[in-house]
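Asks: with the sequence up front, the predicted model follows.
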Amino acid sequence: MTAIRSLPRRAGLRRGPDPHRVLARAFSAHGDLVDDGWTRPWASCTFDGARHGFTLRCARAAADRLAGMIEDIDIPIPGHILASAAILRRHDSREATTLEIEALTVTGA
């Protein structure tokens, strides 16, 4: 059995801005981020990247708009690709709606 190895990174390869910060800025346009969120490394046989989690508190109408567009959302992240984004949980209250969002970014070539 042959072991799968990752390819060495090319020296001087610029990866661009931190994808978590770019995503946080984009999602905060729809409401208030409850905290700094989290990032976890992610990899497949072909790609490497990260999963990012955010908790967003916003008005119900803003939550509805984001829910309607999140699967097709396009957030440019130099050096990375936003592979997917989804709302994992939603809690509606009288004061606001809280959304738990997860996004997957992969390192671009």
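Replies: Structure's in. What do you need? Numbering: from 1, shown residues only.

Asks: apart from its neighbours in sequence, what residue is nearest the residue most central in space within the chain?
Replies: Nearest to the geometric centre of the chain sits residue 103, at 3.0 Å (CA atoms, centre = their mean). The shortest distance from residue 103 to any non-neighbouring residue, by CB to CB, 6 or more residues apart in numbering, is to residue 85 (4.2 Å). Glycine gets a C-beta too; all of them are placed from N, C-alpha and C.

Asks: which residues touch stretch 59-67?
Replies: 27, 30-31, 56, 58, 87, 90, 92, 96-97, 99 (CB atoms under 8 Å, 6 or more residues apart in numbering).

Asks: what is the mean pLDDT for stretch 93-107?
Replies: Average pLDDT, stretch 93-107: 96.

Asks: can I get it in CSV, CA atoms only?
Replies: Taking Å, rounded to 0.1, in the frame of the first residue of the first chain, the C-alpha atoms of stretch 93-107 are listed here in CSV:
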residue,chain,number,x,y,z
SER,A,93,-36.7,34.8,19.5
ARG,A,94,-38.6,38.1,20.0
GLU,A,95,-35.5,40.1,20.1
ALA,A,96,-33.4,38.6,17.3
THR,A,97,-32.6,35.5,15.3
THR,A,98,-29.4,33.6,16.0
LEU,A,99,-27.7,31.6,13.2
GLU,A,100,-24.9,29.1,13.4
ILE,A,101,-23.0,29.2,10.2
GLU,A,102,-20.3,26.9,8.9
ALA,A,103,-18.2,27.5,5.8
LEU,A,104,-15.5,25.4,4.0
THR,A,105,-12.6,27.1,2.3
VAL,A,106,-10.0,25.3,0.2
THR,A,107,-6.6,26.6,-0.8
